[in-house]
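Undergrad: Sequence and predicted model, in that order:
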Amino acid sequence: MVDMENNELLEIASRMTPQWLGGFFDGEGCVCIRRHNGTGWILRVNLTQANHPLLLDVARTFKASYGPYTKTRKTKLGKESTCYEIGWANRESLVHILNVLKDHVIAKREQVELAIEFLGTGVGQGNKFSTEVLYRRYEIMERMRAINHAGPRKPASETIHATEEENLARITDTI
């Protein structure tokens, strides 16, 4: 029985190629940037799926940094549905998974490219970034929200102010 399980695991692992993951991610994946504790932004890459064993195999094969954990959602008909999520959240795991995905996604290519650019803006010292980097990170976040249909936080007329200081305060304090 153990040999059968090992053979089955080897079979599964051999089929979970970067190309396979790209297609699976296009259908079930998400790339998002969110405000984190009011001090900055956090980039997340995750997969949500009803098949727990499959996600567990994906998490092991592609080194997810968390999950699978259980999520409960309401369907369009109002019924509760259980699914599972795995994800990549720390810088090392994000760099790894985005590099695996970048040449193999089709539908989510722009989100993956934006995520790579977001990571490329660097790591702030004590969450301190230059004004230029803060603006670029904000622009990337807003573009990601638009692609993901989350909509902008504020209308453009409320986001653009007379001075650079007011713009910076708006970006760092109210997003």
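TA: Alright, I've got the coordinates. Numbers count the residues shown, from 1 in each chain.
Undergrad: Low-confidence regions, the chain specifically.
TA: Along the chain, the parts satisfying pLDDT under 70 run over 1-6, 9-10, 12-13, 38-39, 123-127, 150-175.
Undergrad: Grab the most central residue of it for me.
TA: What sits nearest the mean C-alpha location of the chain, by CA atoms, centre = their mean, is V45, with 2.4 Å.
Undergrad: For it, give me its contacts.
TA: The neighbours of V45, taking CB atoms under 8 Å, 6 or more residues apart in numbering as the test, are 29-31, 87-89, 94, 97-98, 101, 115. To be clear about C-beta, it is placed using only N, CA and C from the backbone, and glycine gets the same treatment.
Undergrad: Please narrow those to those residing in strands.
TA: Taking DSSP state E as the definition of strands, the contacts of V45 contribute 29-31, 87-88.
Undergrad: Can you tell me which of those is nearest L56?
TA: When the ones in strands among the contacts of V45 are compared for distance to L56 (CB to CB), G87 wins out at 13.3 Å.
Undergrad: Run a quick check on K108 versus F25, I expect a contact.
TA: Yes - assessed by CB atoms under 8 Å, K108 is found in contact with F25 at 6.4 Å.
Undergrad: list residues touching both of the two?
TA: In the contact map built from CB under 8 Å, 6+ apart, the residues linked to both K108 and F25 are L101.
Undergrad: neighbour-wise, which of the two wins?
TA: Shown here are K108 and F25; by other CB atoms under 10 Å, F25 has more neighbours (27 against 20).
Undergrad: Quickly note the distance from that one to Q19.
TA: Between F25 and Q19 the computed distance is 11 Å (CB to CB, to the nearest Å).
Undergrad: what's the nearest residue to G27 if we skip its chain neighbours?
TA: Leaving out its chain neighbours, the residue that sits closest to G27 by CB to CB, 6 or more residues apart in numbering is A107, at 7.8 Å.
Undergrad: What distance do you get for that neighbour to L101?
TA: 11 Å.
Undergrad: higher neighbour count, those two?
TA: Each of A107 and L101 had its neighbours counted (other CB under 10 Å), and the higher figure belongs to L101 (25 against 12).
Undergrad: so who does the residue nearest to that one when sequence neighbours are not counted touch?
TA: In space, not counting the residues next to it along the chain, L101 is nearest to V112; the distance is 5.2 Å by CB to CB, 6+ apart. Under the criterion of CB under 8 Å, 6+ apart, the contact partners of V112 comprise 31, 98, 101-102, 105.
Undergrad: Please consider this matter closed, and thank you.
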